[in-house]
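1. Give me a model of this one.
(2 chains)
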Protein chains: 2
Amino acid sequence: MNEEKNRMLESLGKKARAAEKTMRSLSGERKMTGLLHAAEALVSRTEFILKANEEDMKRAGKACMPASLQDRLALTPQRIAGMAEGMRQVASLEDPIGSIREMRRRPNGLLIGARRVPIGVIGIIYEARPNVTADAFALTFQTGNSVILKGGSDAISSNKAIVTVIRDSLEKDGLPFDAIQLIEATDRETTTAFMHLNDYVDLLIPRGGAGLIRTVKQNSSIPVIETGTGNCHVYVDESADIDMACRIIVNAKTQRLGVCNACESLVVHRDMLSSLMPALVPLLQEKEIELRCDETALPFVPGGVPASEEDWGTEYLDRILSVRTVSSLDEAITHINTYNTGHSEAIVTNRYDHAQRFLDEVDAAAVYVNASTRFTDGFEFGYGAEIGISTQKMHARGPMGLEALTTIKYVIYGNGQVRP
Amino acid sequence: MNEEKNRMLESLGKKARAAEKTMRSLSGERKMTGLLHAAEALVSRTEFILKANEEDMKRAGKACMPASLQDRLALTPQRIAGMAEGMRQVASLEDPIGSIREMRRRPNGLLIGARRVPIGVIGIIYEARPNVTADAFALTFQTGNSVILKGGSDAISSNKAIVTVIRDSLEKDGLPFDAIQLIEATDRETTTAFMHLNDYVDLLIPRGGAGLIRTVKQNSSIPVIETGTGNCHVYVDESADIDMACRIIVNAKTQRLGVCNACESLVVHRDMLSSLMPALVPLLQEKEIELRCDETALPFVPGGVPASEEDWGTEYLDRILSVRTVSSLDEAITHINTYNTGHSEAIVTNRYDHAQRFLDEVDAAAVYVNASTRFTDGFEFGYGAEIGISTQKMHARGPMGLEALTTIKYVIYGNGQVRP
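-> From the prediction side, this is the model:
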C-alpha cells in the first residue's frame, strides 16, 4: 500500500470524524431541509450529472459491458428525478435520533434512559449503480452519520458528479459537507486499505452481489453487516390449501426474479405432490420456470429435470426453481435449516401446530406462515426506507430501516448519587 | 495449525450447533430447572472441584504466580457456593426468549412481529478466573445459546472440573449437555484457530484485561463485542456544588480501584480550582490517591505531581488520578471526546444548559449528570445480570444483560398474501 493512498484515506477519515461531531447534534428540521435542498440540487443540475454519466457509459461501451449492467449504470432525467424523490421520502421519515424509548427510575433515584444516537462514520462499498450514492447518503444523513462511499470504478464519473452536487448543496445550507465523501481511487489496494480504517470508520455495509459481500466480510477488520444473499424456500405442508400454495409460490418465484427475497426452492410434503403439481406446474411453466426435482417429485412434473445436490444450496436469481420432497415437517425444517442463507422462509399450512413449529424452529431473519417471501423489504415492513436486508444476527437482522444505522447511549440524570 | 487441533475445534463446533437446535426451543421452565440443578451440583461436588483447583494452585505456586492472581484463581467452598448463588440469580430472571415487543398489522393484513431469539453459539475467551466459567454458562444457557469456553491455561483443571459437573447435571436432566463445552488445549495456536471458527461460532466475547481484548478484536474473523476498557472522566463545571463534586469524585475514584467504571481523570473548570481543591485534595490524599496535574491545577494541589501527555489517555486502575484544567464546557467536552474510551463520563453542574449539552455531545456508552461513574453496571442498571460492558457501538452498548445475548427474528402471520 503506498503512502500517498494511505494519507488520502486518513484525511478522508479525519474529515468524516470532524463532520460527525456536528452531525450528532443536528436537529431533525435541519437534516430535513438539507435533504430536500440536496434533492432539488440533483434535479436542477441534471445536465451536469448526465454529462458525467456519459463518460462512464462511453467507457462501458468500449469495455463491452453486458447490456444489463449498462442499463444499471445509465442515468436519465427520470432516474435522477427518482433519486431526488427517494431523498425526499427519507426526509419525510421521523428522525430517530435523540428519542428515548423509556426512562426508568432506579431505587436510588437515578433516572436511566437509552437514547438513540448516530453510529458515527459509516462506510458503504458498492458496485456500478450510481443511485446507491444518493440513497446511501440520504439514509446516513437522516440518521446523523457521516458516510464514506466507495463505489465501483465503472460509475466513478457519475458518482463524483452526484457527490459534488450534494456537497455543494450542503455547503450552501451551512451543513457539514464532509458528512458525504467519495473515495475516488478505485483500485483494489485502496479498497482493502479502506476495510482496515478502523480508527475512522465504525461500520461497513457492502451493497451488491454475493461476491462483493463475501470479500468485504472476509477482509474487513471493521464491523460489517452482511446483506443480501437469499436461498429462500416455500414449504407446502400436508394440510395446505392448494390454491393458496400456488398463488404464493408463483408470486415468490416470479414476481421479480433477481431479488434476494425471491423463492429459489420449493419443499413439498410427499402426500401433496399429486394434488399440488398438476395445478402448479402449468402456472410456473407459463412463466418459463425450469423445475429441478428430486427423484420422488420428478414423475409429477412433466418437463422437469433431475436436481443435483448442488441445487439445494443455490440462489439462482433466475428462471429456475428446485423441488424437494419431504415426508414430514421435521424433514422440511431440517432441510431448510441445512441449506438456507438465513433470509426468508415460508410455510403454507392449515395446521396450527405446524405453523407454530415452523415459526419456532426455522432459523432465518423472516419466517412466514401463508404469505410470500417477497414481503421481506423495508418498505413492505413499514420502515419507509431500507439500507439492505441483514442475513446475519448481530446488531440488525432482516430489513434494515433507519434504526439499523443508529446505536444507543445511556443518559443518566442524578442528584448526587454515589455507589455504596 | 495441525490437523488434529482443527478437527477437535470443528468437532466442538458441530456439537455446539447441534445443541443449539434444542436450546432454541427450550422452555423457560426447563432452562430454570437446568440452572438450579447445575447450581446444586456445583455445591454437592465441591470436593471434586476443590481437588482440581489444587492442581492449578500447585502449578501456580511453582510458576511463582503473583499473589493477587493466585487469589483470583483460588477456589474455596464459599466461592463455589457464590458461583452457585450467581447461577440461581440468573435462573430467577425472566426468560427473554420468544417474547415479541409489538406486532403490527400492515395495510395488507400481514401481522409482523420481531421475536427475541438466541444468537446461536457464543464463544467466550477469558483469563484465569474460574468463576467466569459458571457465570458465562448461566447467562448463555438462560438465553438459549450454546457456549464454547476458552479459559486461561492457569485455570484449566478447575475449568475442566466445573464444566464436567455442569455437563453431568444437564445430562441427568435430559438437557443438551453440549450447550457447554470447554476447549482443553490452551496453546496460542488453538486460540487463534478458535477466533476463525466462523461456521460454528456466531459471536465472540473476550473477558479480561485490555491486552486480551485487543488481541481478540484484532485477530478474530468472528464478530466480537469489545468490553471493558474505561478511561472515565468526571468534569466539575463552573456551577457545580462543591460538596456534591467531592462526594462523586471520591466515590468514582476510590470506591473500587481496579474496575473499568472507576474515574481515572478529573476535568475542572479553572474558576473552580480555588474552591474545589482545598476540599477535595485532603479527601483523596486520605485514600492515598496520587494526583497528576496540569500546570494550571498544580499550584492548587499540595503534594500533586506534574502530568505528562501520556496521563490523559491512561486507564490507571490504581491509586492515581489525573487532573486537567479547562476554561469552558466546550474545552471539557473536546478533551473528554479526545481521550476517553467510550465507557462512562460524568458532569457535576447546576446549569441546565450545560447538563443537556454534556449529555448530547459526549460520546460514550453512559453519560451522567450529577452521579458517580461507578453505576455503569448491569446490576445497578436493573438488568439482574451482566456479561460485560460494551465500549463499542454495534449490537450492544454499555452494560450487557441477557438481552445482549439475543437477536431478533421476524415472524409473519399471513392468510395468503402475495406481493402485487
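
2. Poorly predicted segments of the stretch 151-300 of chain A, please.
-> For the stretch 151-300 of chain A, no stretch has pLDDT under 70.

3. can you give me the helices in it?
-> A:156-172, A:188-194, A:210-219, A:242-254, A:273-286 (DSSP state H, counting those that start in this stretch).

4. Pick out the residue of the stretch 251-400 of chain A closest to chain B.
-> Closest approach between the stretch 251-400 of chain A and chain B, counting by C-beta to the nearest C-beta: A:Ala371, at 2.8 Å. (Glycine included, C-beta is placed from N, CA and C.)

5. could the helices of the stretch 151-300 of chain A go into TSV alongside mean neighbour count and distance to chain B?
-> Formatted as TSV, the helices of the stretch 151-300 of chain A follow (neighbours: other C-beta atoms under 10 Å in any protein chain shown; distance: least, C-beta to the nearest C-beta, whole Å):
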stretch	mean neighbour count	distance to chain B
helix A:156-172	21	21
helix A:188-194	16	15
helix A:210-219	16	7
helix A:242-254	22	4
helix A:273-286	17	12
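
6. for the ones you listed, which one sits closest to B:Ala74?
-> helix A:210-219 (42.7 Å; C-beta to C-beta).

7. Convert the C-alpha atoms of the closest one to CSV, please.
-> Taking Å, rounded to 0.1, in the frame of the first residue of the first chain, the C-alpha atoms of helix A:210-219 are listed here in CSV:
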residue,chain,number,x,y,z
ALA,A,210,-22.7,-12.2,-3.2
GLY,A,211,-19.0,-12.0,-4.3
LEU,A,212,-18.6,-8.4,-3.1
ILE,A,213,-20.3,-9.1,0.2
ARG,A,214,-18.1,-12.2,0.8
THR,A,215,-14.9,-10.2,0.0
VAL,A,216,-15.8,-7.4,2.4
LYS,A,217,-16.8,-9.9,5.2
GLN,A,218,-13.6,-11.8,4.9
ASN,A,219,-11.2,-8.9,4.6
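
8. Run the chain-centre distance for it.
-> Here helix A:210-219 is found 14 Å from its chain centre; the criterion is C-alpha atoms, centre = their mean, to the nearest Å.

9. longest helix of chain A?
-> Taking DSSP state H as the assignment, the helix of chain A that covers the most residues is helix A:3-25.

10. Same question for that one: list its buried residues.
-> Residues of helix A:3-25 classed as buried: A:5, A:8-9, A:12-13, A:15-17, A:19-21, A:23-24 (neighbour count, 16 or more other C-beta atoms under 10 Å in any protein chain shown).

11. got a list of what A:Leu284 touches?
-> By C-beta atoms under 8 Å, 6 or more residues apart in numbering or on different chains, A:Leu284 lies in contact with A:249-250, A:253-254, A:291, A:321.

12. before we move on, back to that, pLDDT and distance to A:Asp311 for the buried residues of helix A:3-25 - can I get that in CSV?
-> Putting the buried residues of helix A:3-25 into CSV (pLDDT from 0 to 100; distance: C-beta to C-beta, whole Å) gives the following:
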residue, pLDDT, distance to A:Asp311
A:Lys5, 87, 43
A:Met8, 95, 46
A:Leu9, 96, 42
A:Leu12, 97, 44
A:Gly13, 98, 44
A:Lys15, 98, 49
A:Ala16, 98, 44
A:Arg17, 95, 48
A:Ala19, 97, 48
A:Glu20, 94, 46
A:Lys21, 91, 52
A:Met23, 96, 47
A:Arg24, 92, 49
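
13. follow-up on the earlier one: briefly note if whichever helix or strand comes after the longest helix of chain A comes near chain B.
-> For helix A:3-25, the following helix or strand on the C-terminal side (DSSP states H and E) is helix A:28-44. No. Using C-beta under 8 Å from any C-beta of the partner chain, helix A:28-44 stays clear of chain B, with a minimum separation of 13.8 Å.

14. neighbouring contacts of helix A:28-44?
-> Contacts of helix A:28-44 (C-beta under 8 Å, 6+ apart): A:49, A:80-81, A:83-85, A:87-88, A:90-92, A:94-95, A:97, A:134, A:137-138, A:141-142, A:144, A:162, A:165-166, A:168-170, A:172-173, A:175.

15. Apply 7 Å and report the result again.
-> Outside helix A:28-44, the residues that touch it by C-beta atoms under 7 Å, 6 or more residues apart in numbering or on different chains are A:80-81, A:83-84, A:87-88, A:90-91, A:95, A:134, A:138, A:141-142, A:165-166, A:168-170, A:173, A:175.

16. try stretch A:81-96
-> Residues outside stretch A:81-96 that contact it (C-beta under 7 Å, 6+ apart) are A:28, A:31-32, A:35-36, A:38-39, A:42-43, A:116, A:131, A:134-135, A:138-139, A:142-143, A:384-385, A:402-403, A:406.

17. Run the angle between the lengthiest strand in chain A and helix B:242-254 for me.
-> Using DSSP state E to define each element, chain A has its longest strand at strand A:406-417. Following axes from the mean of the first three to the mean of the last three C-alpha atoms, to 10 degrees, one obtains 120 degrees for the angle between strand A:406-417 and helix B:242-254.

18. Could you pick out the buried ones from the contacts of stretch A:81-96?
-> In the contacts of stretch A:81-96, the ones that pass as buried (16+ other C-beta under 10 Å) are A:28, A:31-32, A:35-36, A:38-39, A:42, A:116, A:131, A:134-135, A:138-139, A:142-143, A:385, A:402, A:406.

19. Thank you kindly, that will do.
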